[in-house]
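In: Here is my input; please provide its structure:
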Amino acid sequence: MSALEALSIEVGTGSGDITAKEVDAEEIEMGTGSGDVTLDLWQMARGKCEIGTGSGDIELTVAGGVSADVHAETSGGTIVVELPGAAYTKQDKDEVRLTVGSGDARVELGTGSGDIHIRG
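Out: The predicted structure follows:
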């Protein structure tokens, strides 16, 4: 999927990858039981984004139009953040909390067995 603009986006799969590019939405829910999730978030100034996978990696790219509190957690992987200007409130191997902009929206990222990569 690419160039998505909507109030709400919900995508799920039992086994397979999810990729969404150029997303602008207030409510985003993406999940897969077994697979990777890749999201390019272009705009998000309020609302919530929840991304989860039981077994797979999560890759989130955050553009300049995003203002959010971000919480990322993995049980069996690592978290890598390459996001200039992010303000960290917690930074461990398996859990990160940070704020982008003024933190108006909420972004939750979780994987049971996989890595999380957040970039700007």
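In: show me what contacts residue 40?
Out: 20, 21, 22, 23, 61, 63 (Cβ atoms under 8 Å, 6 or more residues apart in numbering). (C-beta placed from N, C-alpha, C; glycine too.)
In: ok, now with 7 Å
Out: Taking Cβ atoms under 7 Å, 6 or more residues apart in numbering, we find residue 40 in contact with 20, 21, 22, 23, 61.
In: so which strand or helix has it?
Out: Using DSSP states H and E, residue 40 sits within strand 37-44.
In: The helix or strand that that strand is followed by - which strands sit beside it in the sheet, and in what orientation?
Out: Using DSSP H and E, the helix or strand that follows strand 37-44 in sequence is strand 48-55. Sheet pairing for strand 48-55, assigned by DSSP bridges, gives strand 18-34 (parallel), strand 105-113 (parallel).
In: Make JSON lines out of the ones you listed and add mean neighbour count and distance to residue 96.
Out: Listed next are the strands paired with strand 48-55 as JSON lines, based on neighbours: other Cβ atoms under 10 Å; distance: least, Cβ to Cβ, whole Å:
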{"stretch": "strand 18-34", "mean neighbour count": "18", "distance to residue 96": "19"}
{"stretch": "strand 105-113", "mean neighbour count": "20", "distance to residue 96": "9"}
